[in-house]
Every structure is written in structure tokens, then in C-alpha cells.
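In: here is my input, please return the structure:
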Amino acid sequence: MGTASVALVTGAGGGLGAAIARALAGRGHDLVLNDLEPSERLEALAAELRALGVRVEIMAQDIAQVAHLPGYVAGVAARMGGLDVLVNNAGVSVLSRGDLLEVTPESFDRCIAVNLRAQFFLTQAVARHMLAAPSARRRAIVTITTVAVDHVVGRVLAEYSMSKAGLAHMVQHFAARLAPQNIDCFEIRPGMMQTPMTSTSREKYDRLIAEGFVPAGRWGELDEIGKVVATMASGEFAYAVGQTIHIDGGMRMKMF
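Out: Below you'll find the predicted structure:
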């Protein structure tokens, strides 16, 4: 096994995935960048991170193809000499923002397939690998959900929020199962972040922020999520089993 901790970041081709990868690289982790397929964006990110002195490999895989995940995880570990950190960041939004009564089976099934089913079985495959390959290093699985899990109800994102709520429960189950084996499981709930997923509703969210819906009074920055992921992956919070970290500017707080 190599001397550096190895982290697998799913959805690394997106803005949040890239921010997470940068933060982990800044902490000295070697990285596997995952997305549906290789891209120029991933190649540019890999080159940027290699300049920091860490090893970076691009290993594409559609995580919704769950039958392939055990082999994929084994391939990651074999190529990198181990696997110490998983960041469940990949996800999809709804096919069409609209009334709950208009949600289609296609949009519902897509959110469940990618945001919940795929991440459950990827986490399972990584956990199995970690248990089969004991390490003196404390390891971590960090899962990105959303403030809309239980503190905020979106009128147009029901199937997305429901899939993420399932992830929140998933983290608790894996945390209880893996804590005795020195594997930390954490959930991070972002609030309003400027990503492609929120770009179609930017005007609406700008108005909500101006009206005080976010106590911090601003959008969240992607690197703020990255820094927290890297901190939770450090192994320094061994007794914080299954904790949820809210990076939401206070959105979950009910003010009067």
C-alpha cells in the first residue's frame, strides 16, 4: 500500500466534486476521480491536482450500474494500492421542476436509482473492501445530501428530496455497522450552493436570500463544502459516529 491515503470522489466532473477533490488533495490524499465518462474537464482537474504533488487517476463508471460496482471498487484499490475514503457526491436532480402531483415515474425512478440505490451499493462495495483489507489508517465514508432532507420542503423537488432523505438514513446504518471497524461515516447537508443544479432557479433563490431565508445572507461557496469533507475524512473525529454537518448558512433554523 502507498503511503498516502486514497480517496474516491464520485461526480468529480461537477463543480462540487471538483471542490471536494481540491480540498482532499490539499490534505495530501491521492485521488480517484469518478464520473460517467472521461472528459476534458476531468483531465484539467487531474492535471491541476497532480501539480500539488498527489497522485490522481480518472476512473469513469456509471455508479447506477450496480452490478459493476464490486469490480469497480476492486479495480480502484488495485490501481491505487488501497482505498481509504469514499465521498458519495454524484447525484441527479429532477427531470422537470413542477408540482408534486405532476411527478413522473421516470423522474422518480431516476432520482432513486442514482441518488439512493447506486450510492447504497457503492458504499456497500467500499465497506466490504475496507473490511477485507484492514488498515492501521482510520478510514471514512462521507455522503452529500441536502438541507431539504427534513428541515426545508421544496415545492418542486419532491423526488430529489425523498431520495436524499433515504441517503440520510443510509449513513446512520453504515455508521453503526462500521464504527467498530474504525470506519467513520458522516453526512453533509449543503444549503444553497451555486451549481448547475440551482442555475435554473437562480433568480428565485437570490430573492429568498434577500428576504432573509438564509441567515448568513449569501450563497454557499463550493470550497466550503470541500473543506468540511476533507476535515471529516481526516480521521480526527472518531467519536462523532454518524454525525450530520449542516453547511447551509442557517437555512434549517426557524426564526421568529
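
In: which other helices and strands contact the longest strand seen in the chain?
Out: Looking across the chain with DSSP state E, the single longest strand is strand 183-190. Contacts defined by 3 or more Cβ pairs under 8 Å, 6 or more residues apart in numbering; DSSP states H and E place strand 183-190 against strand 139-144, helix 158-178, helix 222-232, strand 244-247. Heads up, the C-betas are built off the backbone N, CA and C, glycines and all.

In: these: which one's closest to Ala44?
Out: Of all the helices and strands packed on strand 183-190, the one in closest proximity to Ala44, counting by Cβ to Cβ, is helix 222-232 (16.1 Å).

In: now do the buried residues in the closest one.
Out: Of the residues in helix 222-232, those buried under the neighbour-count criterion (16 or more other Cβ atoms under 10 Å) are 222, 225-230, 232.

In: which residue ranges of this structure form helices?
Out: 15-26, 40-50, 69-80, 105-111, 118-132, 158-178, 196-199, 202-210, 222-232 (DSSP state H).

In: and of the buried residues of helix 222-232, the nearest to Val66?
Out: Nearest to Val66 among the buried residues of helix 222-232 is Val229, at 23.5 Å by Cβ to Cβ.

In: low-confidence regions, the stretch 51-200 of the chain specifically.
Out: Under the criterion pLDDT under 70, the flagged ranges of the stretch 51-200 of the chain are 196-197.

In: quick check: Ala133 touching Ala77?
Out: Yes. In terms of Cβ atoms under 8 Å, Ala133 counts as a neighbour of Ala77; the distance is 7.0 Å.

In: which residues do these two both contact?
Out: Leu83 (Cβ atoms under 8 Å, 6 or more residues apart in numbering).

In: between those two, which one's more packed in?
Out: Ala77 (21 against 13; other Cβ atoms under 10 Å).

In: chain neighbours aside, what residue packs nearest to that one?
Out: Of all residues not flanking Ala77 in the chain, Leu83 sits nearest, at 4.5 Å (Cβ to Cβ, 6 or more residues apart in numbering).

In: burial measure for that neighbour, as a count.
Out: For Leu83, using other Cβ under 10 Å, the count is 24.

In: same thing with the one 3 residues further on?
Out: Leu86 has 31 neighbours, counted by other Cβ under 10 Å.

In: beta partners for it?
Out: Note on Leu86: beta-bridge partners by DSSP bridges are Leu8, Ile141.

In: report the contact partners of it.
Out: Contacts here follow Cβ under 8 Å, 6+ apart; on that basis Leu86 touches 7-8, 10, 122-123, 126, 140-142.

In: quick check, pLDDT for the nearest residue to Gly191 once chain neighbours are set aside.
Out: Across the structure, with Cβ to Cβ, 6+ apart as the measure, the residue nearest Gly191 apart from its sequence neighbours is Asp248 (2.8 Å). We have a pLDDT of 94 for Asp248.
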